[in-house]
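Chemist: got a predicted structure here, sequence first:
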There are 2 protein chains.
Amino acid sequence: MPKEIHATKLAILKATERLVAAHGFEATSLRAITAAAKVNLAAVNYHFSTKDALILAMLNRRLGPINEARLLLLDQFEQEAGEKPVALEKILEALFRPVLDKVSGRSHGGRDFLRLLGLALSEPSAYLKPLVEKEFSEKTRRFHRALRRALPDLSECEAYWRLHFAHGVFLHTVTHSEVLECTSRGRCRISDREATLQRIIHFCAAGLRSAA
Amino acid sequence: MPKEIHATKLAILKATERLVAAHGFEATSLRAITAAAKVNLAAVNYHFSTKDALILAMLNRRLGPINEARLLLLDQFEQEAGEKPVALEKILEALFRPVLDKVSGRSHGGRDFLRLLGLALSEPSAYLKPLVEKEFSEKTRRFHRALRRALPDLSECEAYWRLHFAHGVFLHTVTHSEVLECTSRGRCRISDREATLQRIIHFCAAGLRSAA
DNA sequence: GTCTATATGGGGATAGAC
DNA sequence: GTCTATCCCCATATAGAC
């Protein structure tokens, strides 16, 4: 774990995060990034070699800690449960809360990160592949195991499907909250994160528990 | 409804669909599109004025018919139900089946379209706004009404939330099927569309029905 | 490590002949 | 409606001074 990152490098990473979230990968130029970070254009190539490597570094910087936090929280719930399986709602909380925490944590980069998540998943280029395989596969397996302990009647395959569904609920909700606010004509607001989290967990738990 | 579209215009639309699905909006150049469509570069500007207008035309060409089909199917189910509210599972079927039908309909452009859906929703630029407002708002309202008739205990606001959740399940599943296939190490396959549809409907129905 | 200056290529859009 | 040729801008990346 590298502790002290160069100020320039960090500034570039932060600016990249903000601008890519606002305009997308391809539409964000290194010129715009270096201008926003108030560093020289050539600094990007010096610190990250290429633009693609910069994007990957930026994504890893955020996704790594989140998946660690998810696993830690699951660990904690498993310890608290002792011999018994972790309650379904707790599993879902371990899966989703760390994402929302990272979002509301600091003032800067809050909401932006959620857009990044959606973008990274939808980008057809090669960004996704190494990310999914490296960062997500262990996490998915751990949660899959916990899920099967909580719901022993679910087949292995069915558990994968439903975990995928639950992810869909969460990701779509947080990455496209504007759509909900628009179609409900302002009646639904995502601003109360705790209430939103409970709503999502409640919906997913019911779906996961339903008889096969 | 314009019946006869110029052959050139149609070729451009098809090529755009395929290339954008494969590489994303910004990464797809007009030069690549016209080369694939075997038409002249200037034809794009002649028929569509700008690249952005071309993208919008391409999206509308696909999304319009799908939302029409959704409403028609809902109409049909409402007639069949007579005075009674439409069953929850039927509402969900009307919402999701037309998308899958369009996908498996023709040989070309099948799977590609699903990527477009995900891309269009994640693109931070202005593509989304007019599309959501024009094509989706009426559809959402109709389905929202049907949902409240089927589940009278749900508050208006809660119904919007859960409809949003159901959309998330469906969209995430179809746009990111590779993720599921990857994390489940091949155990789950999306190829059986009918089974997938039933799985999604089953999960969503349970979530929608759960007590508030 | 940081900067200026530049190489090199590709992009969208258009003018004007046919 | 279709083509060629071109304008003009912006992109990434690098070379080389400091």
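Modeler: All right, it came through fine.

Chemist: A:Ile12 contacts A:Ala43, correct?
Modeler: Yes: proximity of A:Ile12 to A:Ala43 meets the contact threshold set by Cβ atoms under 8 Å, at 6.7 Å. All C-beta spots, glycine's among them, are computed from the backbone N, C-alpha and C.

Chemist: looking at these two, which one has more neighbours?
Modeler: Comparing A:Ile12 with A:Ala43 by other Cβ atoms under 10 Å in any protein chain shown, the one with more neighbours is A:Ile12, at 25 against 18.

Chemist: distance of the closest residue to the more buried one other than its chain neighbours relative to B:Arg162?
Modeler: Nearest-residue entry for A:Ile12: A:Ala37, 5.0 Å, with adjacent residues in sequence omitted and distances by Cβ to Cβ, 6 or more residues apart in numbering or on different chains. Going from A:Ala37 to B:Arg162 by Cβ to Cβ, to the nearest Å gives 42 Å.

Chemist: tell me the contacts of the residue nearest to A:Ile12?
Modeler: With contact taken as Cβ atoms under 8 Å, 6 or more residues apart in numbering or on different chains, A:Ala37 is in contact with A:Thr8, A:Ala11, A:Ile12, A:Lys14, A:Ala15.

Chemist: buried residues in the host helix or strand of A:Ala15?
Modeler: A:Ala15 is part of helix A:7-23 when elements are defined by DSSP states H and E. When neighbours are counted by 16 or more other Cβ atoms under 10 Å in any protein chain shown, the buried residues of helix A:7-23 are found to be A:8-9, A:11-21, A:23.

Chemist: now these in TSV, with distance to B:Lys129?
Modeler: Shown next, in TSV, are the buried residues of helix A:7-23 (distance: Cβ to Cβ, whole Å):
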residue	distance to B:Lys129
A:Thr8	36
A:Lys9	35
A:Ala11	31
A:Ile12	30
A:Leu13	29
A:Lys14	27
A:Ala15	25
A:Thr16	25
A:Glu17	23
A:Arg18	21
A:Leu19	20
A:Val20	20
A:Ala21	17
A:His23	15
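
Chemist: which strands and helices lie in contact with the helix or strand harbouring A:Lys139?
Modeler: Per DSSP H and E: A:Lys139 is located in helix A:137-150. Judged by 3 or more Cβ pairs under 8 Å, 6 or more residues apart in numbering or on different chains; DSSP states H and E, the packing partners of helix A:137-150 are helix A:51-81, helix A:88-105, helix A:156-175, helix B:177-183.

Chemist: which neighbours do A:Ile12 and A:Ala43 share?
Modeler: A:Thr34.

Chemist: how about the residues of chain A near DNA strand D?
Modeler: Residues of chain A found near DNA strand D (Cβ under 7 Å from any atom of the strand) are A:28-32, A:41-42, A:44-45, A:49-52.

Chemist: just the ones of those in helices?
Modeler: Using DSSP state H to define helices, the subset of the residues of chain A next to DNA strand D located there is A:Leu30, A:Arg31, A:Ala32, A:Leu41, A:Ala42, A:Val44, A:Asn45, A:Lys51, A:Asp52.

Chemist: ok, and the most crowded of those residues?
Modeler: Busiest of these [other Cβ under 10 Å] is A:Val44, holding 23 neighbours.

Chemist: follow-up on the earlier one: for the record, mean pLDDT for the helix holding A:Ala15?
Modeler: Taken as a whole, helix A:7-23 has a mean pLDDT of 92.

Chemist: any idea how far that helix is from the chain center?
Modeler: Put simply, helix A:7-23 sits 17 Å off its chain's centre (Cα atoms, centre = their mean, to the nearest Å).

Chemist: which residues sit against that helix?
Modeler: A:5, A:28, A:32-34, A:36-39, A:43-44, A:47-48, A:54-55, A:57-58, A:61-62, A:108-109, A:112-113, A:115-116, A:119, B:124-125.

Chemist: for stretch A:27-36, same thing?
Modeler: Looking at what lies outside stretch A:27-36 - Cβ under 8 Å, 6+ apart - the contacts are A:12, A:15-16, A:18-20, A:22, A:40-41, A:43-44, A:51, A:54, B:26, B:125.

Chemist: and which of these is nearest to DNA strand C?
Modeler: Proximity of the contacts of stretch A:27-36 to DNA strand C (Cβ to the nearest atom of the strand) peaks at A:Asn40, which lies at 3.2 Å.

Chemist: the helix holding A:Lys139 vs helix A:156-175, what angle?
Modeler: 120 degrees (axes from the mean of the first three to the mean of the last three Cα atoms, to 10 degrees).

Chemist: list the buried residues of helix A:137-150.
Modeler: So helix A:137-150, judged by 16+ other Cβ under 10 Å, has buried residues A:Lys139, A:Thr140, A:Arg142, A:Phe143, A:His144, A:Ala146, A:Leu147, A:Arg148, A:Ala150.

Chemist: for the record, mean pLDDT for it?
Modeler: On average, helix A:137-150 scores 94.

Chemist: now swap in stretch A:117-134 and tell me
Modeler: pLDDT averaged over stretch A:117-134 gives 71.

Chemist: same check on stretch A:171-182?
Modeler: Stretch A:171-182 comes out at a mean pLDDT of 86.

Chemist: great, nothing more from me.
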